[in-house]
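Asker: let me see the structure of the following:
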Amino acid sequence: MNLFQKYGGADFWSDFLNMFYTKITASELLSHHFADKDIDHIKSMLIGLLEVTLVTEGHYPEDQLTEGHKNMGISGAEFNDWIEIYTGALKSSGIADEDATSILNLVNGYRHCIVTKP
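Answerer: Residues are numbered from 1 along each chain as shown. From the prediction side, this is the model:
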């Protein structure tokens, strides 16, 4: 069974994203990226991204991620903060350590598509 289904599918991951975005929009370092953004739309897109990456074990088109993030000016420090918050959300949601590690490895594999400034 893939990781998307293992934890309950779209309902579980939707709840996960609700918790995660509550934390991420409160981050001093990251909140400015989400000001005046449609968080519900972002979460809807991320459900699809999670499904694709967790079902296919990380085969999301890098060109789409690069295009979507190219004008955001995300720094390495911001990406690291995002990862730290994401890690906490995975743990708070009851994701097993080995599954969290797999998910974080997938996400970190896209760093080069997301970080556009030092």
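Asker: rest of the way, CA atoms for contacts and neighbours
Answerer: OK.
Asker: ok, T116 touching S75?
Answerer: Yes: look at T116 against S75 with Cα atoms under 8 Å: they come within range, at 6.3 Å.
Asker: buried stuff in the helix-or-strand element of the chain with minimal mean pLDDT?
Answerer: In the chain, no helix or strand scores lower on mean pLDDT, DSSP states H and E than helix 39-56, which sits at a mean of 86. Judged by neighbour count (16 or more other Cα atoms under 10 Å), helix 39-56 contains these buried residues: 43, 47, 49-54.
Asker: show me which of the residues you listed is closest to H32.
Answerer: K43 (16.8 Å; Cα to Cα).
Asker: ok, that closest one to N18 distance?
Answerer: Separation of K43 from N18 (Cα to Cα, to the nearest Å): 8 Å.
Asker: circling back: let me know the closest of the buried residues of helix 39-56 to D63.
Answerer: For the buried residues of helix 39-56, the nearest to D63 is L49 (13.5 Å; Cα to Cα).
Asker: right, and D99 touches K6 too?
Answerer: No: D99 is not in contact with K6 according to Cα under 8 Å; the separation is 10.0 Å.
Asker: all strands for the chain, in order.
Answerer: Read by DSSP state E, the chain holds no strands at all.
Asker: show me where it has helices.
Answerer: 3-6, 9-24, 39-56, 62-69, 76-92, 97-108, 111-114 (DSSP state H).
Asker: just put those helices in CSV and tack on distance to H33.
Answerer: CSV is the format used below for the helices of the chain (distance: least, Cα to Cα, whole Å):
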stretch, distance to H33
helix 3-6, 26
helix 9-24, 10
helix 39-56, 11
helix 62-69, 11
helix 76-92, 10
helix 97-108, 18
helix 111-114, 13
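Asker: what's the least confident stretch among those?
Answerer: Of all the helices of the chain, helix 39-56 carries the lowest average pLDDT, namely a mean of 86.
Asker: what's the neighbour count on Q5?
Answerer: 15 (other Cα atoms under 10 Å).
Asker: what of N18?
Answerer: 16.
Asker: can you check Y21 too?
Answerer: With other Cα under 10 Å as criterion, Y21 counts 20.
Asker: could you do the one 10 residues further on as well?
Answerer: Burial measure for S31: 13 neighbouring residues, criterion other Cα under 10 Å.
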